[in-house]
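S.K.: Need the 3D shape of this:
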Amino acid sequence: MRPMTPTFPAHRPRRLRRTEGLRALVRETSLGPEDFIWPVFVRDGEGIEEPVPSMPGVVRRSVDKVAQAAREAHALGIPAICLFPYTDEEKKTEDCAEAWNPDNLSNRATRAIKDAVPDMLVMTDVALDPYNSLGHDGFVKDGYIVNDRTVDALVKQTLSQARAGADIIGPSDMMDSRIAAMRDALEGEGFQNVAILSYAAKYASAFYGPFRDAVGASGALKGDKKGYQMDPANSDEAMRMIARDLAEGADMVMIKPGMPYLDICRRAKDSFAVPTFAYQVSGEYAMLAGAAERGWLDGDRVMLESLMAFKRAGCDGVLTYFAPQAARILNG
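M.R.: Prediction:
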């Protein structure tokens, strides 16, 4: 039972807000560089850092520059990088075979990071949209995204990434039963220590636009992804999806997008008490960074406030493009 709160003036809540020391002493939620996974876009070439126009301050990096970024992230205390490839158009096909090519961009970047910073965790994206000439996360037949054939392809992609040295597999495709298939394949090939961070509750959101520009998928996309990503109106369904993925072998779960879905983060943590993450997606980043660039918001303050909101909502960590900027501030 909670103790009774005395009345004023015996109880003056402002006493504990008077100085920074007192505020720090009673602060309920903490935020540090160790809470971040940094999403990084990788492209072909060498010595390249190419700005993404719709995401101020974010660039596509060639593999050598990704390795350099990993060194910088490690020095800042950021534990993990998540790779997203910007695949050349001629390598995008309807059969998506580049997704499991041992020498595709994602796999080359994984090996480069592991060579440069062995302790840096590498998370990879499992979905077919960066390799699909039609822009979808799965195979398209008569306008419909077919599930089981797509899962077979995702398993091949998963094993390709594990062989390259990925520590964490991030299935973002939202196909049914893909976690069970991936976990069985990883166990079967001796990758029992590769973790799965499942995009368990990924919504069909309008906040993904800048990301699709960054990976070159927006122009190719035919139709929308509402047939496999979740309806933004649904909350109970998210709990069912999370329960399913955990039962199939996911080690951690993610909610995507982040800030518009903090209620889902809170429900997930309260319901399952497992490692829970959110993705502060490209549209969320672009809103804050764009407003700060124009002087409409205090960029550093809104960035940290938004990241603290994820921790307060129950998240153990956040995928955020702000990771290096936030880590520098938090490191003082």
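S.K.: hang on, isn't D245 packed against M182?
M.R.: No - with contact defined as C-beta atoms under 8 Å, D245 does not count as touching M182 (10.3 Å). Where C-beta positions appear, they are placed from N, C-alpha and C, glycine not excepted.
S.K.: Name the residues contacting each of those two.
M.R.: Counting by C-beta atoms under 8 Å, 6 or more residues apart in numbering, D245 and M182 have no contacts in common.
S.K.: From P257, how far off is the nearest residue to E94 once chain neighbours are set aside?
M.R.: Distances taken as C-beta to C-beta, 6 or more residues apart in numbering place S133 nearest to E94, at 5.5 Å, with adjacent residues excluded. In this view, S133 and P257 are 26 Å apart by C-beta to C-beta, to the nearest Å.
S.K.: Neighbour count: those two, which is higher?
M.R.: Between S133 and P257, counted using other C-beta atoms under 10 Å, P257 has the larger neighbour count: 22 against 16.
S.K.: Test my guess that that one contacts S205.
M.R.: Yes - using C-beta under 8 Å, P257 makes contact with S205 at a distance of 5.1 Å.
S.K.: Mind listing the shared neighbours of those two?
M.R.: Counting by C-beta under 8 Å, 6+ apart, the common neighbours of P257 and S205 are 281, 283.
S.K.: Tell me where the model's unsure across the protein.
M.R.: Applying pLDDT under 70 to the chain picks out residues 1, 217-220.
S.K.: residue boundaries of the helices in it?
M.R.: 20-25, 63-76, 105-116, 148-164, 178-188, 209-214, 236-248, 262-272, 282-293, 299-312, 323-330 (DSSP state H).
S.K.: What are the buried residues along the longest one?
M.R.: Okay, so that is helix 148-164. By neighbour count on 16 or more other C-beta atoms under 10 Å, the buried set for helix 148-164 is 150-151, 153-155, 157-162, 164.
S.K.: Can you tell me which of those lies closest to E46?
M.R.: Nearest to E46 among these, counting by C-beta to C-beta, is A164 at 19.3 Å.
S.K.: Please report how far that closest one lies from L330.
M.R.: In terms of C-beta to C-beta, A164 sits 31 Å off from L330.
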